[in-house]
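Chemist: what follows is a predicted protein model with its sequence.
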Amino acid sequence: MADRNPTWDENQALLLSEESCGSCPKPTMGRRKKISRFEAPAVDRISECPDSVLVHILSLLSTVGAVKTQVLSKRWRFLWTFLPSLRFRSYMSEDSDDEDFVAEMNNEFVAFVDKTLSSSNGKLKKLEVEFEYERRLASNVDSWTRFAAIIGVEELRLDLRPLGTDTDHEVHDDVRYELPQLLYDNSWFKELHFSWCRVIPKGNVAWYFLKKLSIRNVKLSNDVIERILAGSPVLETLELHFCKGFSRLAVTNSCMKKLILRVYWDGNDSELEILAPYLLLLDISGCFGRSCRFMNVSSLVDAVFNCSFAFLEGDRANDYERCQNLVGGLLASLLHVKNLTLGASIHQDALKRVILAVNGVLYHLDSYLELNAKIAGRGTSWIWADGEGAGGDNGFVGGERKRPPLFGMEKWIG
């Protein structure tokens, strides 16, 4: 079945042939050497390795390739069933517009996943499923998630982009896969990744040992986020990629150290509030168009801001003021961080406005902490110090506060 669908996995199974056996004797010219009938036959040294070694070797192959090794010999027949992780991937090529062909490919893929999971020994730690989802296959996906929950999978990845979906367009909820409620009440999970799914917990979330959560291309409400965070007491890393529908992130548990936001602007002018008193690293990138207010990020050490700016059509006259308000207000909340990185995707004009805006804010502060800032990809950095021992124009001279300079931006960005 896998041979009919070479697109299932990027890494096809290794071809086994006599030519790949380095220990096989090569034919010689002339008279053949007489072999004693007492000479020991060739030994398959790989097959003599312990099961743990062979399973590790299989783990380096794709799932399709590992399953294929069952035909080698009785020794290999069931080894693949002890793999600690399984990854299933299937994507149609861009020119696959034949509905019957697409349906057949998905049917074969689903059948392969069903059979493989049913043959697994039940000690799976990691399960990944990535394919172009169809609503008619919901019951199959339900069985896979049920399997993961029952056997105690620690890491689950579901990337279920609806078939025929253009990532640049809106995807209706009725074509998305909705996560079953049993997934929310499972304390085995340590790492979860959901893409293109409907995340709607109807009760409390019980992810008591979850350390990392990544959600991509999903509509999330403030209530859903609150339930997830309340039910994930030891969560350390939260990643939200191109998600919308929420306006507040209140991350108050002391374990949360890393927040990654990949954003896009859909014309929504609502303000995003972030409350994360124990956060150490904040990374925001994408297409930025809404204001962002930090209620409390007092522990923040590293901040990355790598965004392009989006404006409403016909609003070009107000670009300068809007950009200054967005970026200046955001960076004014991050002056206490030790390391601030501005990404290279920020337009040169926008970067100048950033400096102007932040300088204006600093001028009205009684004191300001050391701030190391780098322009990613440009090899540029500057420091604003609190004046103690700083000297020059960057701080306090003779007890008198001086306004920070504009840093000669031309020599950095040309």
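Modeler: The structure has been received and is ready for your questions.
Chemist: which SSE is L282 in?
Modeler: strand 281-288 (DSSP states H and E).
Chemist: what lines up beside that strand in the sheet?
Modeler: Note on strand 281-288: by DSSP bridges, its sheet partners are strand 258-263 (parallel), strand 302-309 (parallel).
Chemist: how near is the nearest residue to Y278 once chain neighbours are set aside to L235?
Modeler: Leaving out its chain neighbours, the residue that sits closest to Y278 by CB to CB, 6 or more residues apart in numbering is S254, at 4.9 Å. Every residue, glycine included, has its C-beta placed from N, CA and C. Counting by CB to CB, to the nearest Å, the separation of S254 from L235 is 11 Å.
Chemist: what's the answer for L249, then?
Modeler: 12 Å.
Chemist: what about L300, how many residues nearby?
Modeler: A total of 23 residues lie near L300 under the criterion other CB atoms under 10 Å.
Chemist: could you confirm it falls within a helix?
Modeler: No - per DSSP: H, G, I helix; E, B strand; the rest coil, L300 lies outside any helix segment and is coil.
Chemist: let me know the pLDDT of it.
Modeler: pLDDT for L300: 93.
Chemist: give me the nearest residue to it, chain neighbours excluded.
Modeler: V337 is the one closest to L300 (CB to CB, 6+ apart), at 4.9 Å.
Chemist: who has more neighbours out of S254 and L235?
Modeler: Legend: neighbour count by other CB under 10 Å for S254 and L235, higher for L235 (22 against 10).
Chemist: got any ranges where the stretch 101-250 of the chain has weak pLDDT?
Modeler: Within the stretch 101-250 of the chain, the stretches with pLDDT under 70 are 166-169.
Chemist: for the stretch 201-350 of the chain, what spans make up the helices?
Modeler: 222-230, 319-332, 348-363 (DSSP state H, counting those that start in this stretch).
Chemist: burial of N253, as a residue count?
Modeler: Each residue near N253 was counted by other CB under 10 Å, and the total is 15.
Chemist: likewise for the one 10 residues further on?
Modeler: With neighbours defined by other CB under 10 Å, the count for V263 comes to 21.
Chemist: ok, the closest residue to it other than its chain neighbours - contacts?
Modeler: Counting by CB to CB, 6+ apart, V263 lies nearest to G286, which is 4.0 Å off, once chain neighbours are set aside. Residues counted as contacts of G286 (CB atoms under 8 Å, 6 or more residues apart in numbering) are F242, L261, R262, V263, Y264, C307, S308.
Chemist: 6 Å - rerun?
Modeler: Taking CB atoms under 6 Å, 6 or more residues apart in numbering as the criterion, G286 is in contact with R262, V263, Y264, C307.
Chemist: now the last one: how far from L238?
Modeler: To tie it back to what came earlier, the one meant is C307. 18 Å.
Chemist: got the CA coordinates for the strand holding L282 in CSV?
Modeler: Extracted C-alpha coordinates of strand 281-288, given in CSV (Å, rounded to 0.1, in the frame of the first residue of the first chain):
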residue,chain,number,x,y,z
LEU,A,281,11.5,35.2,27.3
LEU,A,282,9.0,36.9,25.0
ASP,A,283,9.1,36.4,21.2
ILE,A,284,6.6,38.3,19.0
SER,A,285,6.8,38.1,15.2
GLY,A,286,4.6,38.3,12.2
CYS,A,287,2.3,41.0,10.8
PHE,A,288,1.5,43.4,13.6
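Chemist: that's all I had, so thanks and see you.
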